[in-house]
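Asks: No sequence on hand, only this structure:
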Ligand SMILES: C[S@@+](CC[C@H](N)C(=O)[O-])C[C@H]1O[C@@H](n2cnc3c(N)ncnc32)[C@H](O)[C@@H]1O
């Protein structure tokens, strides 16, 4: 078998199993199995495929057909022009979370920030890369996610400006980091009854503690709102990613003491996605 034949085989397998971006995914799985770039895969279709590589391709295809996320299979995901290592135990960074970073940068120019629920570390690392004198506290409850956040943090030049902190509440953060200029977070915000309706890639593989936000999806959002004011400097900002207009309505109905909701930003599909509060 050569690379061209392997590509066609992979494409047919993925299509037959209902994968929607089959052509791109077939190429990426081939590059993973053959240890080559996509350019070389396309440029040298006659290149023979070694038996070990063919076997590896079949096992990657099987994993993808069982809906293991492509990012987990490849062990990497792109976020904010960075290649991050990801795997089971941490959420795969999503494009809409780049809007969280973009919005945070409008409000945050220097100082100290907290990234609540850092997961892969994507939000904190993006902010540290853009605000080169800032310092970031990366709070995470899941040891499995901390494993990935650390793998990503240690490959950067920001280690002396960041602290990866194992904890599950705002009360757990070290007092030396208070007050903060910014709290940013992408907490679990999917309402529990909707978890069963998620696509299998997400529902079967990504950690439920990164997704499930309780009955309305707002359990963690409300806990953060309740504790944020105590941690922020006056004028400091809290930005959270949330899951749509219904959640914004609830948050407007139940204002947090000492915090003004100053902005709601939509994602590219027009869904309310980022909410910004300012400490009075
Ligand atoms: C939606 S994921 C976001 C991960 C990452 N920030 C991103 O945007 O890709 C939520 C993260 O919050 C973590 N988490 C959930 N509850 C937490 C808590 N009480 N305290 C700290 N982290 C928590 C989860 O383990 C998960 O890594």
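Replies: Now that the structure is in, tell me what you want to look at. Just so it is clear, the structure is predicted and the values come from calculations on it, not from any experiment.
Asks: quick one: contacts of the longest strand seen in the chain?
Replies: Of all segments of type strand in the chain, defined using DSSP state E, the longest is strand 232-241. Outside strand 232-241, the residues that touch it by Cβ atoms under 8 Å, 6 or more residues apart in numbering are 96-97, 99-100, 103-104, 107-108, 111, 179-187, 189, 221, 224-225, 228, 259, 273-280. For glycine as for every other residue, the C-beta is placed from the backbone atoms N, C-alpha and C.
Asks: For residue 226, give its distance to the ligand.
Replies: 12 Å (Cβ to the nearest ligand atom, to the nearest Å).
Asks: Which residues lie in contact with the closest residue to residue 220 other than its chain neighbours in this structure?
Replies: Leaving aside its sequence neighbours, residue 220 sits nearest to residue 187 (Cβ to Cβ, 6 or more residues apart in numbering; 3.8 Å). Contacts for residue 187 (Cβ under 8 Å, 6+ apart) come out as 116, 117, 213, 220, 221, 224, 240, 241.
Asks: For the stretch 1-150 of the chain, which residues are neighbours of the ligand?
Replies: 91, 93, 97, 117-120, 122-123, 139-142, 145 (Cβ under 6 Å from any ligand atom).
Asks: Helices along the stretch 151-280 of the chain, start to end?
Replies: For the stretch 151-280 of the chain, applying DSSP state H, counting those that start in this stretch gives helices covering 192-195, 200-205, 219-231, 245-253.
Asks: Buried deepest among these, which one?
Replies: helix 219-231 (a mean of 19; mean count of other Cβ atoms under 10 Å).
Asks: Show me what it is packed up against.
Replies: Applying 3 or more Cβ pairs under 8 Å, 6 or more residues apart in numbering; DSSP states H and E, one finds that helix 219-231 contacts strand 180-185, strand 232-241, helix 245-253, strand 259-266, strand 272-279.
Asks: so the first one versus strand 272-279, what angle?
Replies: Using axes from the mean of the first three to the mean of the last three Cα atoms, to 10 degrees, one finds that strand 180-185 and strand 272-279 are set 160 degrees apart in direction.
Asks: and strand 180-185, how far out from the chain's middle?
Replies: 17 Å (Cα atoms, centre = their mean, to the nearest Å).
Asks: and if you look at the longest one?
Replies: Per Cα atoms, centre = their mean, the displacement of strand 232-241 from the mean C-alpha position of its chain is 20 Å.
Asks: Just the mean pLDDT for it, thanks.
Replies: Strand 232-241 carries an average pLDDT of 98.
Asks: before we move on, what about stretch 144-153?
Replies: Here the average pLDDT along stretch 144-153 is 98.
Asks: Give me the contact status of stretch 160-168 with the ligand.
Replies: Yes - using Cβ under 6 Å from any ligand atom, stretch 160-168 reaches the ligand at residue 168.
Asks: go on, stretch 174-185?
Replies: No - interface with the ligand: stretch 174-185 contributes nothing (Cβ under 6 Å from any ligand atom), its closest point being 7.0 Å away.
Asks: show me what contacts the most centrally placed residue in the chain?
Replies: Nearest to the mean C-alpha position of the chain, by Cα atoms, centre = their mean, lies residue 93 at 2.4 Å. With contact taken as Cβ under 8 Å, 6+ apart, residue 93 is in contact with 77, 79, 84, 86, 119, 120, 122.
Asks: Next, residue 110: phi, psi?
Replies: Taking degrees, to the nearest 10, you get phi -160, psi 170 for the backbone angles of residue 110.
Asks: how close does residue 163 get to the ligand?
Replies: In terms of Cβ to the nearest ligand atom, residue 163 sits 14 Å off from the ligand.
Asks: what's the answer for residue 203, then?
Replies: With Cβ to the nearest ligand atom as the criterion, residue 203 and the ligand are 14 Å apart.
Asks: is it true that that residue touches residue 196?
Replies: Yes - assessed by Cβ atoms under 8 Å, residue 203 is found in contact with residue 196 at 7.1 Å.
Asks: Show me which residues of the stretch 151-280 of the chain sit near the ligand.
Replies: So the stretch 151-280 of the chain meets the ligand at 168, 169, 186, 187, 188, 209, 210, 220 (Cβ under 6 Å from any ligand atom).
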